[in-house]
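Trainee: fold the following, please.
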Amino acid sequence: SVLNQLAGAAFGAAGQRCMALSTAVFVGETKEWIPEIVERARKLKVNGGMEAGADVGPVVSKRAKERVEKLIQSGVDQGANLVLD
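Mentor: Got it, this is the predicted structure:
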């Protein structure tokens, strides 16, 4: 489904692939998908990445983590609605 593809593109490989989805724009009825995508993301098992059942592991470095946090804050500063943290 489209929702599975969006979740995989956004959260697969902790968003560190060159093809990772960094932005999604929802228009019209697609705005109704947001709660479902948030719920799918909320259910992901995040840990060291090597443990059984891991869905998402850590970003590759402290610098990568800082970059992610900076990008999130930049979006919020520009008016984005942060729906999951």
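Trainee: if we ignore the residues flanking it in sequence, what's nearest residue 71?
Mentor: residue 22 (7.5 Å; Cβ to Cβ, 6 or more residues apart in numbering). Where C-beta positions appear, they are placed from N, C-alpha and C, glycine not excepted.
Trainee: now residue 39: which helix or strand?
Mentor: helix 34-43 (DSSP states H and E).
Trainee: following that helix, which helix or strand comes up?
Mentor: Taking DSSP H and E, what comes next after helix 34-43 is helix 62-77.
Trainee: and that following helix, what does it pack against?
Mentor: Taking 3 or more Cβ pairs under 8 Å, 6 or more residues apart in numbering; DSSP states H and E as contact, there are no helices or strands that helix 62-77 lies on.
Trainee: buried stuff in that helix?
Mentor: Residues of helix 62-77 include none that count as buried (16 or more other Cβ atoms under 10 Å).
Trainee: if we can go back for a sec, would you say the residue nearest to residue 71 is within a strand?
Mentor: No - secondary structure of residue 22, determined by DSSP: H, G, I helix; E, B strand; the rest coil: coil, with no strand assignment.
Trainee: on that earlier part again, run through who's touching the helix holding residue 39.
Mentor: 3-4, 6-7, 10-11, 24, 26, 83-84 (Cβ atoms under 8 Å, 6 or more residues apart in numbering).
Trainee: before we move on, what about stretch 78-85?
Mentor: 34, 38, 41-42, 72, 75-76.
Trainee: buried ones in the helix or strand of the chain with the lowest mean pLDDT?
Mentor: The helix or strand of the chain with the poorest confidence is helix 2-11; it has a mean of 81 (mean pLDDT, DSSP states H and E). Going by neighbour count (16+ other Cβ under 10 Å), the buried part of helix 2-11 is 6-7, 10-11.
Trainee: swap in stretch 35-55?
Mentor: Residues 37, 40-41, 55 are the ones in stretch 35-55 that count as buried (16+ other Cβ under 10 Å).
Trainee: ok so, going back, closest one of the contacts of stretch 78-85 to residue 63?
Mentor: Within the contacts of stretch 78-85, the smallest distance to residue 63 is 15.2 Å, found for residue 72 (Cβ to Cβ).
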